[in-house]
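Undergrad: prediction below, plus the sequence it came from.
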Amino acid sequence: MNELLSWITAHQQIIYIVVLMIFVGIEVIGRVPSVLHTPLMSGANAIHGVVIIGAIIVMGKAEHDNYAALILGFLAVVLGTLNVVGGFVVTDRMLEMFKKKGR
C-alpha cells in the first residue's frame, strides 16, 4: 500500500493532466453535432498510427524475458492497426455516398 501511495505522490502532476484531458475531451466531443461524429471519428482513428509506432518501439526496447511488455505491445499493435483500418474503411464509405452513380 505504501508503494502505491508513493507512486501516486511521485506522479501526481501526470495524474492531474490525464484527469483534465478526460474532462476536456468529454466537453469537446459533447458539443460536436451528431452529424459530424462519423467524419471526426474516422479521422481520429487514422491518427492511431502513432499508437502503432509507439507500441513497436516499446516492443523493440523490451527485454526478451519481459512477457508483459511484449504482450501489451503486441496487443497495442493489433488493436491500433484495426482502428486505423476501420477509420479508412469508414472514410471510404462516406466518400462513396458523395459520388454520382453511373448508368
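TA: Sure, I can see it. Numbering: from 1, shown residues only.
Undergrad: so in this protein, where's the weakest helix or strand by average pLDDT?
TA: Ranked by mean pLDDT, DSSP states H and E, the helix or strand of the chain with the weakest confidence is helix 37-46, at a mean of 68.
Undergrad: quick one: the residue nearest in space to the middle of the chain from residue 6, how far?
TA: With distances taken as C-alpha atoms, centre = their mean, residue 48 lies nearest the centre of the chain, 5.1 Å away. Distance of residue 48 to residue 6, given as C-beta to C-beta, to the nearest Å: 33 Å. C-beta: built from backbone N, CA, C; applies to glycine.
Undergrad: so, low pLDDT: which residues of the chain?
TA: The chain contains residues with pLDDT under 70 at 34-35, 37-39, 42-43, 46, 102-103.
Undergrad: any idea how it splits into domains?
TA: What automatic domain parsing lists as the domains of the chain is 1-31, 38-103.
Undergrad: need the winner for burial among those domains.
TA: domain 38-103 (a mean of 13; mean count of other C-beta atoms under 10 Å).
Undergrad: mind checking the longest helix of the protein?
TA: helix 67-97 (DSSP state H).
Undergrad: for stretch 78-93, the distance to its chain's centre please.
TA: 12 Å (C-alpha atoms, centre = their mean, to the nearest Å).
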